[in-house]
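Enquirer: Return a 3D structure for these sequence lines:
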Amino acid sequence: MSSLVQMEPCVVECTGVLVDRLTEFASSGKPFNLQHWMQYYAFDIIGLITVDKRFGFLDSGCDQNDFLASLHAYLAYAAHVGIYAELHSILSKVLALLPGPGIAHLASFAAQQISETKKRVTESASASEKSNESTDSFLQKLLKMSIQDPEKITQADIFTTCITNIGAGSDTTSISLTALLYNLLKHPETYQKLRDEISRAKSEGKLSFPVTFQESQRLPFLQACIKEALRIHPATGLPLVRVVPKGGITLCGKYFPEGEIVGVNAWVLHRNKSVFGDDADDYRPERWMESSEKTSEMDRNFFAFGAGARTCIGKNISLMEIGKLIPELITRFDFELTEPQAELETQNVWFVKQRNVMCRVKLMQ
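Expert: Residues are numbered from 1 along each chain as shown. This next block holds a predicted model:
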C-alpha cells in the first residue's frame, strides 16, 4: 500500500489535466472519443510512474509520435502469432523490412527513455546528490539497483521492464474505465445511485477532493460498479494459457496429458449463470453487495486480472487510477452518449478495445 500511496500524485496530476480537457469539451459542446481519452489518461500516468514525465497525450489530445498506433499494430501481430507461433520466425523478418508502426518503434522509444533517465541518475550520483527514493520513478529505482548490483538487475531486465510498463500499462486501465463509464451511461439509475453515494460521502466529510485511493475503497457501491464493469467487459479477450505439468492433470473430470496447453477465457467464465446468476449478461453492480456466500463464490470465479501467482502485477495501480478518477468525473460532469441506442463495437486483439464510443459532456450545475 505504501508504494501505491507514493504513486498517487501521478494520478492526481493527470486527473487534473483530464478534467481541464473535459471542461474544454463541455464549453465547446464537441463530441469526443471516450476510449481514446481514457487511454491518454492512463498512458500519461504510466509515463509519470515509469520515467517521471507525462508523455503528452492529454496535453496534445492525440497519438504522440504514432505510439498508440505502434502498440495496436504490435498487439494485432502478437495476438495472431501467439496462437500460430510457428509463423513468428517467418513474419518477423518480413515485417522488419516494412515501413510503418510496430514493435521496433516501441523498442526505440523505450531505449530513449532509459538512456535519458540513466543520464540523470548518473549525473546525480556523480554530483553526490542525496536521493529521495520515495519520489524516484520506477525506472530510476531500477537503474540505481543495477548500479549497485549489475548482475542482479541487468540492462536486459531494465529494458524488458520498461517496455512492459509502457506497452501494457494503459490498455487494461483505459478499457476498464471506458467499460465502467459506458455501462453507467447505459444504466442511468445506476449512474444516479453512484452519484448519490459519492455526494453523501462528501457531505459527511468522508471524501476529500482529489479523492484518495483509500477513500475510494470505502465507497461500497463504487467498488461494486468497478468490479461489475470488469466482470462484464474484462480487458483480455483470449484465454490465459498454461502448460500442463509433468504427469498430466485432471480438470473438471477431464484428463489432460503433460505438455498440453489449457486456458480460461474471462469472457466465458464471467458469464457462467450458475455462478453469477441468470442475469449474468446484464450489468448489475448490486450482485456484489448481496449474499456474502454468493459474493465469495463470484470472487473465486473473477478473472479480470488473472489469478494466483500470475495475477496481473499492475492490478492495484489500475484499480487506484479507476477509483480516484471516477468520483472526480461523476461529481464534475454530466456525460451522455451521442448515439445511446447504438450497439457497442469492439475489436479483440488480445485486449478487447471499444471502438467509437462517442460522448458529449456538460459541467454539473
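
Enquirer: Export stretch 64-78 to PDB, keeping only CA atoms.
Expert: C-alpha atoms of stretch 64-78 as PDB (Å, rounded to 0.1, in the frame of the first residue of the first chain):
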ATOM      1  CA  GLN A  64       2.000  11.300 -29.800                       C
ATOM      2  CA  ASN A  65       4.500  10.100 -32.500                       C
ATOM      3  CA  ASP A  66       2.200   7.300 -33.600                       C
ATOM      4  CA  PHE A  67       2.900   5.500 -30.300                       C
ATOM      5  CA  LEU A  68      -0.600   4.100 -29.800                       C
ATOM      6  CA  ALA A  69      -0.700   3.100 -33.500                       C
ATOM      7  CA  SER A  70       2.500   1.200 -33.000                       C
ATOM      8  CA  LEU A  71       1.200  -0.500 -29.900                       C
ATOM      9  CA  HIS A  72      -2.000  -1.500 -31.600                       C
ATOM     10  CA  ALA A  73      -0.100  -2.900 -34.600                       C
ATOM     11  CA  TYR A  74       2.100  -4.900 -32.300                       C
ATOM     12  CA  LEU A  75      -0.800  -6.300 -30.300                       C
ATOM     13  CA  ALA A  76      -2.600  -7.300 -33.500                       C
ATOM     14  CA  TYR A  77       0.500  -9.200 -34.700                       C
ATOM     15  CA  ALA A  78       1.200 -10.800 -31.300                       C
END
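
Enquirer: just how off-centre is that stretch within its chain?
Expert: Stretch 64-78 has its average C-alpha position 16 Å from the chain's average C-alpha position, going by CA atoms, centre = their mean, to the nearest Å.

Enquirer: What of stretch 231-242?
Expert: 13 Å.

Enquirer: How about stretch 6-25?
Expert: 16 Å.

Enquirer: list the buried ones in that stretch?
Expert: For stretch 6-25, a neighbour-count test (16 or more other CB atoms under 10 Å) marks 7-8, 10-11, 13-15, 17-19, 21-22, 25 as buried. C-beta coordinates here come from the backbone N, C-alpha and C atoms, glycine included.

Enquirer: Determine which two of these are furthest apart.
Expert: Farthest pair in the buried residues of stretch 6-25 (CB to CB) is Met7 and Phe25. Separation: 27.0 Å.

Enquirer: residues contacting the closest residue to Val5 other than its chain neighbours?
Expert: In space, and not counting its chain neighbours, Val5 is closest to Phe213: 7.3 Å by CB to CB, 6 or more residues apart in numbering. For Phe213, the contact set (CB atoms under 8 Å, 6 or more residues apart in numbering) comprises Leu4, Val5, Glu8, Met320, Gly323, Lys324.

Enquirer: Distance of the nearest residue to Asn65 once chain neighbours are set aside relative to Leu319?
Expert: Leaving aside its sequence neighbours, Asn65 sits nearest to Phe109 (CB to CB, 6+ apart; 7.5 Å). Using CB to CB, to the nearest Å, Phe109 is found at 26 Å from Leu319.

Enquirer: can you point me to the longest helix in the chain?
Expert: helix 2-28 (DSSP state H).

Enquirer: re earlier: for the buried residues of stretch 6-25, which one is nearest Ala156?
Expert: Ala156 has its nearest neighbour among the buried residues of stretch 6-25 in Met7, at 25.1 Å by CB to CB.

Enquirer: quick one: that closest one and Glu321 touch, right?
Expert: No: taking contacts as CB atoms under 8 Å, Met7 lies outside contact range of Glu321: 9.3 Å.
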